[in-house]
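Engineer: Please work out how this folds:
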Amino acid sequence: MAHTPLSDNATGASANRPLSRGDVKTLSLSALGGALEFYDFIIFVYFATVIGQLFFPPDMPEWLRQTQTFGIFAAGYLVRPLGGIVMAHFGDLLGRKRMFTLSILLMALPTLAIGCLPTYHTIGYLAPLLLVLLRMLQGAAVGGEVPGAWVFVTEHVQRRHVGLACGTLSAGLAAGILIGSLVSAAMKSHYSVGELAEGAWRIPFVIGGGFGLIAVYLRRWLRETPVFAEMRERRALAAELPVKAVLRDHLGGVLLAMAVSWILTAAIVVVMLMTPPLLAAQYAGLDASLANVVAILCLIVGCVVAGWCADRFGSGATLIGWSALLGASYWLMMSVVGQRPDQLMPLYALAGFAVGITGAIPAVAVKAFPAAVRFSGLSFSYNVAYAVFGGFTPIIVTTLMRWYPMSPAIYVAALSVMGILIGLFLLRTPAGRRLAVMPS
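Structural biologist: Residues are numbered from 1 along each chain as shown. Sure, this is the predicted structure:
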C-alpha cells in the first residue's frame, strides 16, 4: 500500500524550516507532562520499604513483605499493555489530544489517592487491595502516556524533526526519574525513619498528584495533531479495530518496534535502575547513588543528542553508533569499577549518556506504522515488549549473576549487537529503508 506525505510533513522549503514557536511549546509542554507523569509512576519504588511496613500485617516476615510490596509495584507494569491498547484504540479513533490529556489525569488521581490511602492499621487487608488497584490505574495511564506522547509530538513537527521531538520527550521522561530520585533523597535527609512512617511518606505522592493536575490544565493549550485532523477531514480514520489492522497488515512494523523496545528496556532497567543495587551487593561499601544521579543527567542530554543524530544521520546509522557506544561503555564500567572504584563516576556518566539511545529508538518505532493505526501499533508493540522484557529482565540478570558477575554487561552487550543488526537492516535492505521512512 503506497503512502503519500501529509501536509505537515511536506517537502520543499517548508520542510526545511526550523522548529516554530508552536513546535517548541508543544515539545515543552509534552516533555513537562511526561516528566511529572513518570515521577508519579516511579516514586513508589523509592518509598517501597516504608509502604511495605504500613500496608501489610506487622507480623509478616520481612522477605515476604518486600516481595509483596515490589509485586504491587510490578502490577503497574503488567497492566500497561491493556491500558495502552485501550487508550490507543480511542486515540486512533477520537483523537490524540484527548487521550494525551486523559492519560495524565489517570495518573494524577491515583497518585493523589495513594498519598491519602488509609494503612493496614486502619482498614486491614483492604489497604493493600486498594493499593494494588491504584497501581494498576497508574500502569494503565503510563501505558497510554508514553507511546501516545511519542505519536503526539511526531505528528506535530516536520518529518525532519521527528528524532529531535522523540529525543526531547524521552529526556522529559528521564527527568521524571531524576525528580523522583532527588525528592526521595530530600525527604529521607529531612525526615527520620519514624517521621516517614508516621505520615511524611505521603508528601511526595500528594505533590505528584497536584503537579499532575497542573499538567492536565497545561495540556488544554495543546492542539490536536495536524495529521489526525487531516485524517478526520478526509474520513481516513481506521474503519475497524485498529489493533486488528496492526496485527494483520503491519506485522513487520510490530516486530521492529518490539525489538527496539527490548533494547530500550535493557538500557533503562539494567543500566539505570538495577546497576546501583547490583554494585552495592557485589562490592561492599560501593555506593553508586550519586553516580546514578550524574548518569541520569547525562541520559537527559544523551536523549536529545541521539534524537538529533537520528534526524541528521538517519535512524539506521544512529542506532548502529549508539548501540555500539552503549554496549562498550557499560561493559567497560562493569569490568573496571571493582578494581578502580574511583572511576565509577566518569564511567557511569558515559554509560548514562549512551543510554540516550532511548531518545532515538522512538523515532524508529513510530515510523513503522501509518497514521491511521500509528497510536495502536506503537502502543501494542512498546507495552507488550516492556511488560515481557522489562518484567523478566531483573529475574534473568540477577539469576545469571550467581554464576557470572558480568552477566548484566553481557545482557546489555547482546542487545547492543541486536541494535547494530537492526541498524544495518534499516540501512541496507529495501524493507528496512521503507520502515525507516515515516508513512502517512
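Engineer: which non-adjacent residue is nearest I357?
Structural biologist: W322 (4.0 Å; C-beta to C-beta, 6 or more residues apart in numbering). Where you see a C-beta, it was placed from the backbone N, CA and C, and this is true even at glycine.
Engineer: Cross-check the contact I'm expecting between the one you found and A306.
Structural biologist: Yes. With contact defined as C-beta atoms under 8 Å, W322 counts as touching A306 (5.5 Å).
Engineer: hey, what's in contact with both of these two?
Structural biologist: Counting by C-beta atoms under 8 Å, 6 or more residues apart in numbering, the residues touching both W322 and A306 are 356-357, 360.
Engineer: Could I have the PyMOL command that selects the buried members from those residues?
Structural biologist: Buried members of those, defined by 16 or more other C-beta atoms under 10 Å, are picked up in PyMOL with:
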select buried, resi 356+357+360
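Engineer: taking the shared contacts of W322 and A306 one by one, which sit in helices?
Structural biologist: Residues of the shared contacts of W322 and A306 located in helices (DSSP state H): 357, 360.
Engineer: Looking at the shared contacts of W322 and A306, which one is closest to R202?
Structural biologist: Nearest to R202 among the shared contacts of W322 and A306 is G356, at 34.1 Å by C-beta to C-beta.
Engineer: quick one: pLDDT of the closest residue to that closest one other than its chain neighbours?
Structural biologist: The shortest distance from G356 to any non-neighbouring residue, by C-beta to C-beta, 6+ apart, is to G302 (2.0 Å). pLDDT, G302: 97.
Engineer: number of nearby residues for G302?
Structural biologist: Other residues near G302 come to 30 when the count uses other C-beta atoms under 10 Å.
Engineer: Please name the residues that touch it.
Structural biologist: 352-357, 359.
Engineer: For the residues you listed, give me CSV that also has distance to V206.
Structural biologist: Formatted as CSV, the contacts of G302 follow (distance: C-beta to C-beta, whole Å):
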residue, distance to V206
G352, 30
F353, 34
A354, 36
V355, 31
G356, 32
I357, 35
G359, 31
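Engineer: re earlier: which other helices and strands contact the helix or strand where the residue nearest to I357 lies?
Structural biologist: Counting by DSSP states H and E, the element that carries W322 is helix 315-336. With contacts defined as 3 or more C-beta pairs under 8 Å, 6 or more residues apart in numbering; DSSP states H and E, helix 315-336 has these neighbours: helix 289-313, helix 344-354, helix 357-365, helix 407-428.
Engineer: What mean pLDDT does that helix get?
Structural biologist: Mean predicted confidence for helix 315-336 is 96.
Engineer: Hmm, S103 is touching A141, no?
Structural biologist: Yes. Assessed by C-beta under 8 Å, S103 is found in contact with A141 at 5.0 Å.
Engineer: shared neighbours of those two, anything?
Structural biologist: E37.
Engineer: re earlier: give me the buried positions along the helix holding W322.
Structural biologist: Using 16+ other C-beta under 10 Å as the test for burial, helix 315-336 gives 315-331, 333-334.
Engineer: quick one on the thing from earlier: just send the shared contacts of W322 and A306 back as JSON lines, with pLDDT and distance to Y125 too.
Structural biologist: Converted to JSON lines, the shared contacts of W322 and A306 look like this (pLDDT from 0 to 100; distance: C-beta to C-beta, whole Å):
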{"residue": "G356", "pLDDT": "96", "distance to Y125": "44"}
{"residue": "I357", "pLDDT": "96", "distance to Y125": "43"}
{"residue": "A360", "pLDDT": "94", "distance to Y125": "46"}
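Engineer: Can you tell me which of the shared contacts of W322 and A306 is nearest I207?
Structural biologist: G356 (27.8 Å).
Engineer: contacting residues for the residue nearest to I357?
Structural biologist: Contacts of W322 (C-beta under 8 Å, 6+ apart): 306, 309, 354, 356-357, 360, 419.
Engineer: quick revisit: export the helix holding W322 as CSV, just CAs?
Structural biologist: C-alpha atoms of helix 315-336 as CSV (Å, rounded to 0.1, in the frame of the first residue of the first chain):
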residue,chain,number,x,y,z
SER,A,315,17.7,6.2,12.2
GLY,A,316,19.8,3.2,11.0
ALA,A,317,23.2,4.9,11.3
THR,A,318,22.3,6.4,14.7
LEU,A,319,21.1,3.0,16.0
ILE,A,320,24.4,1.4,15.0
GLY,A,321,26.6,4.0,16.6
TRP,A,322,24.7,4.4,19.8
SER,A,323,24.2,0.6,20.3
ALA,A,324,28.0,0.2,20.0
LEU,A,325,28.5,3.0,22.5
LEU,A,326,26.0,1.5,24.9
GLY,A,327,27.5,-2.0,24.9
ALA,A,328,31.1,-0.8,25.1
SER,A,329,30.6,1.8,27.8
TYR,A,330,28.6,-0.4,30.1
TRP,A,331,31.0,-3.3,29.7
LEU,A,332,33.9,-1.0,30.5
MET,A,333,32.2,0.3,33.6
MET,A,334,31.3,-3.1,35.0
SER,A,335,34.7,-4.6,34.3
VAL,A,336,36.7,-1.7,35.8
